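Participant: Could you look at this predicted model? Sequence included:
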Amino acid sequence: MDSDKLQAFLERVLPRVERALQQNETLDVFLDPFAHLLEEEDASLGNKNNENAMRELRSFTDLVYSKNKTLPAIDWHPRRHGVVAVAAAANASFARRLDLLDTVDSSFILIWNFVDLIHPQVMLESPQDVLTMRFNPAAPHLVAAGLYNGQVIVWDFSKAEHLLSKMKTTKTSAGSGGAGNGAAAGSTASTSGKGGRGDDDSHKQVPPVKPLYVSYIDVSHRRPVADLQWLPAGVEVNSRGHVVASTGADAGAVNQFVTIAADGQVSFWDLRFKDPKYRGMTRAKADKAGGPANSTKDGAAAPDVHFVPIYSISLTKLDSPSELTLQTLWLEKTRDESGGGEGGTGGVPALTSHFYCGTEEGEFVYADWRPHAPAKGAGNKGEDGGRGAGDEGVEYVQWLCRDHSRPILGLCASPFFPSIFLTASESHFHLWNVAQHEGGATVDATNQVTASNGPIFVSPLTPSAITCAAFSPTRPGVIFLGKADGMLEVWDFLDQSHRSSLSIGVTACALTSIEFRSPIVTTNASGSAANASAASGAGGGGAAGRAKPTDGGVGARGRNNPGSGVPAGSNTTGSTNVKQQLVAVGDQIGNLHILEVPRTLSRPMSGERASMESYFKRESERMKAARAASKLSSSGNDGGAPSLRQNRGEEGGAPGTAAASNIGALAITKEADTTRPGPVGPDDEVFKQMECDFCRDMGIETARSA
């Protein structure tokens, strides 16, 4: 410090250091000056802050009953938040399962409560692996499930719940009675804290629940049960397959459910099967086969009544007598226009006899379970339309589209646009406007049911296989996809449609199932009428073939909770509580992940529904125009080779008969005008028509050149 040079240096730099320190005190050097410019887009999916990132709230696994097992089915309790059920199945190959056919190995459905992360609240025991299961929406203590061997099983765990409540009451009273004894309380706490011994002893007092009903194996499915859905309250199916309204004490109850399997069978089951009033034709076949029902004599004990379907049909392929390998199911409901509400008596949604299915061969099927005679000009469709209850020459399949090259793993309808469907396979997913199919399905000269168009959106191929898919229950433009690499992809069509907007790493193994918790929906009478009219027009201009617009449905695995999501026609922005939207995701090693969906993915944006409605309408019109141009080009080429998309079988016919199907379709299609000189003129007319429609929709006034 005595050096003159050092003194001079300090005097020279002191003002600069003081000025820099003053600037640091005045301005925040860590502040991003451009952050305020993104306040409107602070909800962007790429933002990884705590508010916009998906958080894992819970993770459930049982070291004995679910560890290293796959979770094929998840369902939330319809009335109690924080309660979720999951089915655990063995990770075994087909060859391994063949070796285990002669052995009895119990499988379990675990019902978890958010209060206890270690022990399941209730366990439901099954003789085989459970592949699909659902709570009864009206009586949640009843659970129906489909097994790997094709049987259907029902549990009633009301006694187990009563036992649990009694145990909690006893524990509470014992704890309050001994509150004055500090030493005893301390010793009890220390005892229960050593390895959780006290908790283990308390849970051992609740044994696994045995099945209430198990279906008669001779009339059960011949393949593993792929999907199961409860029928809505207030409606039921009789032994002839007709949809009737429930009366009397059963008016608000749910007593029937439907199952499908890869054997092509669509079976309806009734919990009141012991009552002779609700016994169908399949029961007579089972009784004639012998067994306990016919082996008793006068004065003997009453025989056991078999649990068999009340009504069952078989769907077969259109080009061969083999069965359709059904994989996913979605039931169609309609809105009663005369009632002005949800349809039916007292606001109960009316159920039609139509349903949608996806198959293991990638086919998208629209069928009717009521028996119909073959269409005129279609010939004898007894081998092509399917059979039910021994009827010959009965047609069930309304139309069939070659959708994917691999099995359809997910099938669901949009909660906001009932005519928009999502189908997902391993490589990509499609969006469909089924209103155009319902209005444009025809029968061509080759006895093939053809549809008027294909999917309105086809996603790019994904490097990792898709395992499950679901629409967002609160945002019209968001889709969630589970992947085989453990990633959860989010597609936000308001952000971009050529690739996913967000990818979340959930686990290191494959995701197997996804299920949204039903949001809390309140009544909003003022917004229902306006939104109902908007929902009826969401399908675009191709819904001319249906008298009633389709409403929501109850549907397939891997999607938002059926029957409890946001109804089409409800004002979701003002009436839905989406402060905490939860989604349950199961993986391949037995872990159940409960994720909280961030506000940016659960809260609808301003004008999102109108934007998505316009998008789906534009895509539907574009596909119709492209199909019309393709048909006109084929007509101008005098029956030349079909296009690539037609060769792929997307017109609904078999790939080998694509050319014949197209020729037959041209004979009955209004757009096919063979008087035009060639393919160039019709293409120009189609383009001009598309330009006019686009300008009219966008409100742009342009002068068309002559």
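Facilitator: Received it, and whenever you're ready, just let me know what you need.
Participant: On the three-state scheme, residue 422 is what?
Facilitator: Applying DSSP: H, G, I helix; E, B strand; the rest coil to residue 422 yields a three-state assignment of strand.
Participant: ok, it to residue 480 distance?
Facilitator: Distance, residue 422 to residue 480, using CB to CB, to the nearest Å: 10 Å. (Each C-beta comes from the backbone N, C-alpha and C, glycine too.)
Participant: Tell me where the stretch 251-400 of the chain has strands.
Facilitator: 256-261, 265-270, 311-314, 326-334, 350-359, 363-372, 387-388, 395-402 (DSSP state E, counting those that start in this stretch).
Participant: Go through the ones you listed and find the least confident stretch.
Facilitator: Among those, strand 387-388 carries the lowest mean pLDDT, a mean of 38.
Participant: and residue 66, how many neighbours?
Facilitator: 25 (other CB atoms under 10 Å).
Participant: next one: phi and psi at it?
Facilitator: Dihedral angles of residue 66 (phi, psi; degrees, to the nearest 10) stand at phi -130, psi -10.
Participant: right, and residue 431 touches residue 422 too?
Facilitator: Yes. Contact status for residue 431 versus residue 422: in contact at 6.1 Å, counting by CB atoms under 8 Å.
Participant: Touching both of residue 422 and residue 480, which residues are there?
Facilitator: Residues within reach of residue 422 and of residue 480 at once, by CB atoms under 8 Å, 6 or more residues apart in numbering, are 469, 471.
Participant: Can you lay out the strands of the stretch 251-400 of the chain as a markdown table showing mean neighbour count and distance to residue 26?
Facilitator: Listed next are the strands of the stretch 251-400 of the chain as a markdown table, based on neighbours: other CB atoms under 10 Å; distance: least, CB to CB, whole Å:
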| stretch | mean neighbour count | distance to residue 26 |
| --- | --- | --- |
| strand 256-261 | 25 | 70 |
| strand 265-270 | 25 | 74 |
| strand 311-314 | 22 | 79 |
| strand 326-334 | 24 | 63 |
| strand 350-359 | 23 | 64 |
| strand 363-372 | 22 | 65 |
| strand 387-388 | 20 | 82 |
| strand 395-402 | 24 | 67 |
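Participant: out of the ones you listed, which comes closest to residue 245?
Facilitator: strand 350-359 (8.5 Å; CB to CB).
Participant: Now do the closest one: which elements does it pack against?
Facilitator: Packing partners of strand 350-359 (3 or more CB pairs under 8 Å, 6 or more residues apart in numbering; DSSP states H and E): strand 243-245, strand 326-334, strand 363-372, strand 410-413.
Participant: mind giving me a markdown table with those strands and columns for distance to residue 158?
Facilitator: Formatted as a markdown table, the helices and strands packed on strand 350-359 follow (distance: least, CB to CB, whole Å):
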| stretch | distance to residue 158 |
| --- | --- |
| strand 243-245 | 27 |
| strand 326-334 | 27 |
| strand 363-372 | 31 |
| strand 410-413 | 30 |
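Participant: Nearest to residue 233 among those strands would be which one?
Facilitator: Here strand 243-245 is closest among the helices and strands packed on strand 350-359 (CB to CB), at 10.7 Å.
Participant: Show me what the closest one pairs with in its sheet, parallel or antiparallel.
Facilitator: Strand 243-245 sits in its sheet next to strand 235-237 (antiparallel), going by DSSP bridges.
Participant: Could you pull up the mean pLDDT of the partner strand?
Facilitator: Strand 235-237 comes out with an average pLDDT of 88.
Participant: what sits up against that strand?
Facilitator: With contacts defined as CB under 8 Å, 6+ apart, strand 235-237 is touched by 231, 243-246, 250, 255-256, 268, 270, 310-311, 344, 348, 350-351, 369.
Participant: in stretch 69-81, what's buried?
Facilitator: Using 16 or more other CB atoms under 10 Å as the test for burial, stretch 69-81 gives 69, 70, 71, 72, 73, 74, 75, 76, 77, 78.
Participant: isn't residue 583 right up against residue 515?
Facilitator: Yes. If you go by CB under 8 Å, residue 583 and residue 515 touch, sitting 7.0 Å apart.
Participant: where do the contact lists of those two overlap?
Facilitator: Both residue 583 and residue 515 are contacted by residue 470, under the criterion CB under 8 Å, 6+ apart.
Participant: And the strands of the stretch 251-400 of the chain: which comes nearest residue 211?
Facilitator: Closest among those, using CB to CB: strand 265-270, at 13.6 Å.
Participant: The closest one: partners in the sheet, and parallel or antiparallel?
Facilitator: strand 256-261 (antiparallel), strand 311-314 (antiparallel).
Participant: residues touching residue 351, list them.
Facilitator: 231, 232, 235, 243, 331, 332, 333, 334.
Participant: Closest to residue 31 out of those residues?
Facilitator: Nearest to residue 31 among these, with distances taken as CB to CB, is residue 333, at 54.0 Å.
Participant: Any idea what that closest one is bridged to?
Facilitator: So, taking DSSP bridges as the rule, residue 333 has residue 351, residue 551 as bridge partners.
Participant: Also residue 154?
Facilitator: Beta-bridge pairing of residue 154 under DSSP bridges involves residue 144, residue 213.
Participant: my read: it touches residue 271, true?
Facilitator: Yes. Residue 154 lies in contact with residue 271 (CB under 8 Å); the separation is 6.8 Å.
Participant: count of neighbours near residue 495?
Facilitator: There are 17 residues near residue 495, going by other CB under 10 Å.
Participant: what's the burial count for the spatially closest residue to it that is not a sequence neighbour?
Facilitator: Leaving aside its sequence neighbours, residue 495 sits nearest to residue 501 (CB to CB, 6 or more residues apart in numbering; 4.5 Å). By other CB under 10 Å, the residues close to residue 501 number 19.
Participant: Just confirm residue 501 contacts residue 480, I think it does.
Facilitator: No. When contacts are counted by CB under 8 Å, residue 501 is not listed as touching residue 480 (11.1 Å).
Participant: list residues touching both of the two?
Facilitator: Joint contacts of residue 501 and residue 480 (CB under 8 Å, 6+ apart) are 490, 491.
Participant: picking that back up, can you redo the strands of the stretch 251-400 of the chain as TSV with distance to residue 101?
Facilitator: Output for those, formatted as TSV (distance: least, CB to CB, whole Å):
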stretch	distance to residue 101
strand 256-261	17
strand 265-270	20
strand 311-314	24
strand 326-334	22
strand 350-359	25
strand 363-372	29
strand 387-388	29
strand 395-402	32
